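here is a sequence together with a model predicted from it:
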Amino acid sequence: MQAVNPRVAVIGCGGWGKNIVKNVAALGALTAISDAYPQTAAQFAAEYNVPALSTDQIAGNPEIDAVCVAVPAELHLAVAKQMLEAGKHVFVEKPLALSVKDGEVLAEVARKTGRTLMVGHLLQYHPVFRKLLSMARADDFGTLRYIYSNRLSLGKVRQEENVLWSFAPHDISMVLALAGAAPTSVSATGTAFVTPGLADFATTHLRFESGLDAHVLTSWMHPFKEQRIVVVGDKGMAVFDDVRPWQEKLEVFDNHIEWKDGRPAPTKGAGKFVSVEQAEPLREEIRHFLQAASTGHQPLTDAAEGLRVLAVLEKAEADLRKKVGSTEKPAYFAHSSAVIDDNVTVGENSKIWHFSHILSGSNLGRDVVVGQNVVIGPAVNVGNNCKIQNNVSLYNGVELEDDVFCGPSCVFTNVKTPRAHISRKHEFLKTLVKRGATIGANATIVCGNTLGEYCMIGSGSTVTKNVPPHALWVGSPARHLGWVSRRGVRMGDDLVCPESGERYELDETTGGLRLIG
C-alpha cells in the first residue's frame with residue numbers, strides 16, 4: 001500500500017523558502033504557508049490557494065502533519081522546537097541550528113515526540129553527487145587521499161553570518177559522506193574585507209584517521225560562480241562540477257601514480273563523463289522528506305548527520321576567529337532589514353525586527369523585543385526585558401527601565417513647543433518610564449514627565465503629568481482611574497491583587513502604592 005503524503009506547511013517564503021513552497025506544492029503536499037511579511041504571505045497564499053497562517057496557528061492545527069522551516073538560521077531552534085513539540089514532522093533548512101548544543105536540543109525533542117527531523121543538506125540529494133558517492137563506496141577511485149571542494153561566487157554578501165556558515169554546510173556534508181567518518185582535526189583560516197570580523201573568504205581543512213585530507217574553500221568575493229568538488233584516490237579521480245551542463249557535471253579520470261624504478265610516475269588517462277539520470281535536487285530532497293515523514297523511515301540527512309556538520313562548523317569557526325578576529329554572531333537577533341548604527345550595545349537574547357533603526361549611542365538591555373518599524377535613539381537607554389511594539393519611536397531624552405511595555409504606535413515627545421524652522425534640541429526634556437510600567441496602544445506621553453513603577457496607561461490616552469506607581473490612568477488628558485498590581489490586574493478598595501494575593505498600601509512619598517506583602 002502506497003504511503004499518503006503528509007499535509008505540509010512552509011514557514012518562511014523568502015529567498016530559498018519560495019523554492020521550497022514551489023516544490024512542496026508540485027508534490028501535492030502544500031497545505032498552508034507562513035511568512036513574517038504579511039504582504040509576502042498574502043501573495044503566496046493567493047498563488048497556491050492555501051491559507052496564510054501564523055506559526056502558532058500552524059502548531060495548533062491538527063490538519064497539518066509536517067512543516068518545512070526556511071526562516072533565518074537564528075530562529076531555527078525556536079520554530080523547529082515549537083513544531084516538533086506540536087507533533088509535526090520537521091524539515092529545517094541548513095544549518096540545523098547555530099550550535100551543536102541547540103542542534104542536540106532539537107534532536108532530543110524529535111526523539112521524545114517520535115517525529116521526523118531532517119536537515120536540508122541539498123547536495124546529498126543531487127543525483128550527480130549520489131552517483132559520485134556510490135562510485136567512491138564501490139572503490140572505483142581506490143583509497144581516497146584528497147577532497148577539494150570550492151563554493152565561490154560574487155553574490156549576496158551577508159552581514160548576519162560569515163561565509164563559512166553561509167556557504168560551507170553543503171560541502172562539509174558531502175565531505176563527511178565521502179569520508180564515511182568524523183575528522184580527527186579541523187582548522188580554518190580566512191579574511192574579512194567587507195565587514196570587520198565577518199569572514200568573506202574562508203578555507204576549512206579536515207584531516208581523517210584514514211589519512212584522507214579535505215579542504216573546503218568558500219568565498220562571496222570571487223569573479224565567477226564555482227561549485228566544484230574534486231575527489232582524488234590512489235586508483236582514479238573524479239570531478240563533480242555543478243556549474244557545467246547536466247551531461248558534463250560528473251567527469252572521472254583514470255589518473256593515478258605508479259612507481260617505476262623507485263620513482264613516482266603519474267599515469268594520465270582521458271576524462272570520461274558519467275551519465276546520470278537528470279532530476280531536480282530540491283524536488284528529490286522534499287520528496288525524501290515526505291516519504292520519511294509518512295513511513296517513519298530515518299531520513300538520509302537526519303539530526304545525527306546535521307549534528308556532525310555542526311561539530312565541524314563549530315571547530316572551524318573557533319579557529320577562524322583566532323585569525324580573522326571575532327566572527328561570533330551577536331548574542332542578539334537582528335532582522336536583515338534592521339539598521340544598527342555604530343556605538344550601540346544590545347543585550348543577550350534581544351530581538352530587533354523588520355525595518356527598525358537603533359541610532360548611535362543607544363543601549364538596549366537583555367531580552368528586549370523591538371517590533372517592526374521602531375526607531376530608538378540617538379543616546380536612548382532601554383532596560384532589560386522591555387517590549388517595544390510596532391511603530392514606536394523612542395527619541396533622545398526618553399529612558400525605559402526594566403520590564404516596560406510600549407504598546408503599538410504609542411508616542412513619546414521630547415519638546416513641548418516644537419517648530420519646524422526653529423532648533424530646540426537644547427530644550428529636550430527627559431521622560432522616565434520606570435520599572436514594570438505599561439503604555440497602551442496609541443497613547444501619547446508628553447515629555448518632561450515620569451511614569452511610576454508598574455503604572456498602566458490606557459490605550460489612546462494622553463499623559464501630561466507625572467504618574468504615580470501602580471496608578472491606572474486613562475483619557476485625554478489622562479486622569480487617575482484606579483490601581484493595578486504588579487501583574488497588571490486592577491484592584492479594589494482593599495488594594496489586594498485578586499490574581500496573586502499581593503497586598504499594597506498608599507505611599508505618601510510617591511503618591512502611589514507600595515507592596516507590603
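Nice, thanks for sending it over. Small disclaimer: the values here were computed from a predicted structure and weren't measured.

tell me the buried residues in stretch 424-433?
In terms of neighbour count (16 or more other CB atoms under 10 Å), stretch 424-433 has its buried residues at 428, 431, 432, 433. C-betas here are computed from N, CA, C, even on glycine.

so which helix or strand of this protein has the lowest pLDDT on average?
Averaged element by element with mean pLDDT, DSSP states H and E, the chain has its least confident helix or strand at strand 256-260 (a mean of 69).

I'd like the next helix or strand past that one.
Reading on from strand 256-260 to the C-terminus, the next helix or strand found by DSSP states H and E is strand 263-267.

relative to that following strand, what are the paired strands and their orientations?
Strand pairing for strand 263-267, using DSSP bridges, gives strand 256-260 (antiparallel).

list of residues touching the strand or helix carrying residue 149?
Secondary structure from DSSP H and E places residue 149 in strand 144-152. For strand 144-152, the surrounding residues in contact (CB atoms under 8 Å, 6 or more residues apart in numbering) are 136, 167-168, 170-171, 174-175, 178-179, 210-220, 222, 224-234.

quick one: which of the residues you listed sit in strands?
Among the contacts of strand 144-152, DSSP state E puts 213-219, 226-233 in strands.

can you say which of those are buried?
213-219, 227-229, 231-233.

tally of neighbours for the nearest residue to residue 121 once chain neighbours are set aside?
Closest residue to residue 121 apart from its sequence neighbours, by CB to CB, 6 or more residues apart in numbering: residue 173 at 4.0 Å. Applying other CB atoms under 10 Å, we find 25 residues neighbouring residue 173.

so what's residue 173 up against?
In this structure, residue 173 makes contact with 94, 121, 123, 124, 301, 305, 309, judged by CB under 8 Å, 6+ apart.

roughly how far does the fifth one sit from residue 332?
Which is residue 301. Between residue 301 and residue 332 the distance is 29 Å, computed by CB to CB, to the nearest Å.

with the third one instead?
Using CB to CB, one gets 32 Å for the distance from residue 123 to residue 332.

ok, those two, which is more surrounded?
When residue 123 and residue 332 are compared on other CB under 10 Å, the one with more neighbours turns out to be residue 123, at 24 against 20.

is it true that the more buried one lies in a helix?
Yes - read with DSSP: H, G, I helix; E, B strand; the rest coil, residue 123 is one of the residues of a helix.

distance of it from residue 54?
Summarising the geometry, the distance separating residue 123 from residue 54, computed by CB to CB, is 32 Å.

now residue 94
Using CB to CB, one obtains 25 Å as the distance from residue 94 to residue 54.

let me know the pLDDT of the residue nearest to residue 121.
If you check residue 173, the pLDDT there is 97.

please enumerate the helices of the protein.
Listed in chain order, the helices of the chain (DSSP state H) span 17-26, 38-48, 55-59, 76-85, 100-113, 127-137, 163-179, 281-295, 303-324.

just name the most buried of the ones you listed.
Taking mean count of other CB atoms under 10 Å as the contact definition, the stretch among the helices of the chain with the greatest mean neighbour count is helix 163-179, which reaches a mean of 24.

mind exporting the C-alpha coordinates of that one to PDB?
Extracted C-alpha coordinates of helix 163-179, given in PDB (Å, rounded to 0.1, in the frame of the first residue of the first chain):
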ATOM      1  CA  VAL A 163      30.800  32.900   4.600                       C
ATOM      2  CA  LEU A 164      31.700  29.700   6.500                       C
ATOM      3  CA  TRP A 165      28.200  29.400   7.900                       C
ATOM      4  CA  SER A 166      26.500  30.600   4.800                       C
ATOM      5  CA  PHE A 167      28.300  28.500   2.100                       C
ATOM      6  CA  ALA A 168      30.200  25.600   3.800                       C
ATOM      7  CA  PRO A 169      27.500  23.400   5.300                       C
ATOM      8  CA  HIS A 170      26.600  21.700   2.000                       C
ATOM      9  CA  ASP A 171      30.300  21.000   1.200                       C
ATOM     10  CA  ILE A 172      31.100  19.700   4.700                       C
ATOM     11  CA  SER A 173      28.100  17.400   4.400                       C
ATOM     12  CA  MET A 174      29.400  16.000   1.200                       C
ATOM     13  CA  VAL A 175      33.000  15.600   2.500                       C
ATOM     14  CA  LEU A 176      31.800  13.700   5.600                       C
ATOM     15  CA  ALA A 177      29.700  11.400   3.400                       C
ATOM     16  CA  LEU A 178      32.600  10.600   1.200                       C
ATOM     17  CA  ALA A 179      35.000  10.100   4.100                       C
END
